[in-house]
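In: Provided below are the primary sequence and the corresponding predicted coordinates.
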Amino acid sequence: MDTGVKRPAVFLDRDGVLTEENSYITSLEQMKIFPYAEESIRKIRQKGYYTIVITNQSGVARGLFTEETLQEMNDYLMKQTNVDAIFYCPHHPDGKVEKYSKACKCRKPGTGMFEAACREYAIDMQKSYMVGDRAGDIIAGQSAGVRTILLESGYGTNRLEKEVTPDEIIQDLHDVAEYLPDVSGDYKLRK
């Protein structure tokens, strides 16, 4: 996957960004992808960015769904939106499933998923963005050293868990695709 040429990424939370926010989505049938998600991802990729989902999925640790069910949802999301990759954290310190019940550095606001993505892709972090709808997304992006965009399409500013200062506040992913600068001339794009 790594072409050797670094290019920026748009890191995306899943729920509230690509899919409707609905507390815990425990099955593929409950996953509702925003109608503009596929077009937005296409535009972001055309502008020269990797599109990489990084998502906390503590429902696995809580025993609400299995990692296999999560993988089924991830496969479907990738097929429907054409994102480059999905990284997820199935852990939670208070989980009921022993295998996943732990504190970890991959769970946002930790930066472990960013680090995993950088091991797999040649990412220019200085020109990358984190797009999310919660405070943890913004804090994680800031800790990873990327610009941050808070979306109103999920939890947004009205339901933030703590006060954060993102670089931008934008309505939804469609608007993000319009907002991002075009860097495609600076990077060799892979098909």
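Out: Received it, and whenever you're ready, just let me know what you need.

In: For the rest of this, base every contact and every neighbour count on C-alpha atoms.
Out: Noted.

In: Any stretches of this structure with poor pLDDT?
Out: 1-4, 187-191 (pLDDT under 70).

In: And the longest strand seen in it, what does it pack against?
Out: The longest strand of the chain (DSSP state E) is strand 50-56. Counting contacts by 3 or more C-alpha pairs under 8 Å, 6 or more residues apart in numbering; DSSP states H and E, strand 50-56 is packed against strand 9-12, helix 37-46, strand 85-89, helix 112-120.

In: and residue 161, how many neighbours?
Out: 12 (other C-alpha atoms under 10 Å).

In: Which stretches in this protein count as strands?
Out: Using DSSP E, strands in the chain cover 9-12, 50-56, 85-89, 129-132, 147-151, 168-170.

In: hang on, isn't residue 19 packed against residue 32?
Out: Yes: judged on C-alpha atoms under 8 Å, residue 19 makes contact with residue 32 at a distance of 5.4 Å.

In: So for those two, which sits in the more crowded spot?
Out: Comparing residue 19 with residue 32 by other C-alpha under 10 Å, the one with more neighbours is residue 19, at 21 against 15.

In: if we can go back for a sec, okay if I get the helices and strands packed on strand 50-56 as TSV plus distance to residue 182?
Out: Compiled in TSV, these are given as follows (distance: least, C-alpha to C-alpha, whole Å):
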stretch	distance to residue 182
strand 9-12	12
helix 37-46	8
strand 85-89	21
helix 112-120	21
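
In: Would you mind telling me which of those is nearest residue 167?
Out: Shortest distance between residue 167 and the helices and strands packed on strand 50-56, using C-alpha to C-alpha, is found for strand 9-12: 13.9 Å.

In: quick check: longest helix of this structure.
Out: Identified as the longest helix of the chain according to DSSP state H is helix 67-81.

In: packing partners for that one?
Out: By 3+ C-alpha pairs under 8 Å, 6+ apart, helix 67-81 packs against helix 37-46, strand 85-89.

In: would you turn these into TSV with mean neighbour count and distance to residue 158?
Out: Output for the helices and strands packed on helix 67-81, formatted as TSV (neighbours: other C-alpha atoms under 10 Å; distance: least, C-alpha to C-alpha, whole Å):
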stretch	mean neighbour count	distance to residue 158
helix 37-46	20	22
strand 85-89	20	25
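
In: which stretch among the ones you listed comes nearest residue 186?
Out: Nearest of the helices and strands packed on helix 67-81 (C-alpha to C-alpha): helix 37-46, 12.0 Å.
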